[in-house]
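Undergrad: below are the sequence and a predicted model for it; my questions follow.
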Amino acid sequence: MQIESAGLTHIGRRSQNEDAYCVRPELGLFVVADGVGGQEGGEVASQCVVEAFTTFKERLVRDAEATWPHKPDRRLSAEENLLEACTALAQRAVVSRRVGPLKEMGSTVVALAVGRQGAAVAHVGDSRLYRLRGGQLEALTRDHSVMEEMRAAGLEPPPRKQSAFGHIITRALGTERADPAVQALELRPGDVYLLCSDGLYEPLGMEGLIARLSSGTVSEACEALVSGAYEAGGSDNITAVVLRVA
């Protein structure tokens, strides 16, 4: 299945960019990580995450018998097992660097793996995967956040921008709660997928995302998404990875 892909990040209105991403179509791997912890910590954590994902997949390409961090689960697809392993390795990488001025750092992650037999998504925190199919946009991940826990408990939280809990996540790589949510995906011709940090989806909203994903090349879509989020007043780092199934 032919997939077109592109990625773009912008510092936004922050002093430095704590987002990181990778677009590796030759590996079938696409990742967005959003560092937390402020200053140098967030930037280091997000880079650790992306490097852990890409390094493990590169190792498997070179050596199909390479050692895994844990035994693959026979109940899961190859892509789901890959993302669970990558997340475990990313967790180890971030934890190992949490010393001195980096002791509070962590990172979210959302990752899409595409293989010969299917695809899968894994995420930790509030970075998201969206799918545009038949003109309908759907979030395929549910944030690990206080807001979502309130919804799960039957409560209706206030709008994210107006809530003191709006940006509090309940899971992050590098912390004690780092287990990923992983699910298999069915790719269809015409599907468009967006991996992004909260700095992108918050300013644009669903309508803004749909408008920018619906036309142009994947590179043009990335540029429109990132510039649109900035022009809409986004104050955070802004990152988008877009895939289109040809």
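TA: Cool, the structure landed.
Undergrad: from here on, contacts and neighbour counts on C-alpha atoms
TA: Will do.
Undergrad: the bottom helix or strand of this structure by mean pLDDT?
TA: Within the chain, no helix or strand scores below helix 146-152, which has a mean of 84 by mean pLDDT, DSSP states H and E.
Undergrad: low pLDDT regions in this structure?
TA: Across the chain, residues meeting the criterion (pLDDT under 70) sit at 38-39, 158-166.
Undergrad: what pairs with the next helix or strand along the chain from the least confident helix or strand of the chain, parallel or antiparallel?
TA: As assigned by DSSP states H and E, the chain's next helix or strand after helix 146-152 is strand 181-185. With DSSP bridges as the test, strand 181-185 is paired with strand 119-124 (antiparallel).
Undergrad: what comes up buried for the following helix or strand past the strand it pairs with?
TA: Per DSSP H and E, the first helix or strand lying C-terminal to strand 119-124 is strand 128-133. Going by neighbour count (16 or more other C-alpha atoms under 10 Å), the buried part of strand 128-133 is 128, 129, 130, 131, 132, 133.
Undergrad: let me see the ranges of the helices in the protein.
TA: Using DSSP state H, the helices of the chain run over 39-62, 78-96, 146-152, 198-213, 218-231.
Undergrad: tell me which of these sits nearest to residue 184.
TA: Comparison of the helices of the chain against residue 184 by C-alpha to C-alpha identifies helix 78-96 as nearest, at 6.4 Å.
Undergrad: tell me what angle the closest one forms with strand 119-124.
TA: Counting by axes from the mean of the first three to the mean of the last three C-alpha atoms, to 10 degrees, helix 78-96 lies at 20 degrees to strand 119-124.
Undergrad: which helices and strands does helix 78-96 pack with?
TA: helix 39-62, strand 106-114, strand 119-124, strand 181-185 (3 or more C-alpha pairs under 8 Å, 6 or more residues apart in numbering; DSSP states H and E).
Undergrad: residues making contact with the shortest one?
TA: The contact list for strand 181-185 (C-alpha atoms under 8 Å, 6 or more residues apart in numbering) reads 77, 79, 80, 83, 84, 118, 119, 120, 121, 122, 123, 124.
Undergrad: and the residues you listed, which two are furthest apart?
TA: 118 and 124 (21.0 Å).
Undergrad: these two: which is more packed in?
TA: More crowded of residue 118 and residue 124, by other C-alpha atoms under 10 Å: residue 124, with 29 against 16.
Undergrad: please report how far that one lies from residue 63.
TA: Distance of residue 124 to residue 63, computed by C-alpha to C-alpha, to the nearest Å: 28 Å.
Undergrad: same thing with residue 229?
TA: 41 Å.
Undergrad: which residues touch residue 60?
TA: By C-alpha under 8 Å, 6+ apart, the neighbours of residue 60 are residue 66.
Undergrad: which of the buried residues of strand 128-133 lies closest to residue 170?
TA: Residue 170 has its nearest neighbour among these in residue 128, at 14.6 Å by C-alpha to C-alpha.
Undergrad: tell me the contacts of that closest one?
TA: 110, 139, 140, 141, 142, 143, 194, 195, 196, 197, 198.
Undergrad: top of the contacts of strand 181-185 by neighbour count?
TA: residue 123 (32 neighbours).
Undergrad: make sure it is actually in contact with residue 108.
TA: Yes - counting by C-alpha atoms under 8 Å, residue 108 is a contact partner of residue 123 at 7.5 Å.
Undergrad: re earlier: who has more neighbours, residue 229 and residue 63?
TA: residue 229 (27 against 10).
Undergrad: could you measure from the more buried one over to residue 91?
TA: 29 Å.
Undergrad: burial measure for residue 65, as a count.
TA: Count around residue 65 with other C-alpha under 10 Å applied: 9.
Undergrad: what's it sitting at in phi/psi?
TA: Note on residue 65: its backbone torsions stand at phi -100, psi 20 [degrees, to the nearest 10].
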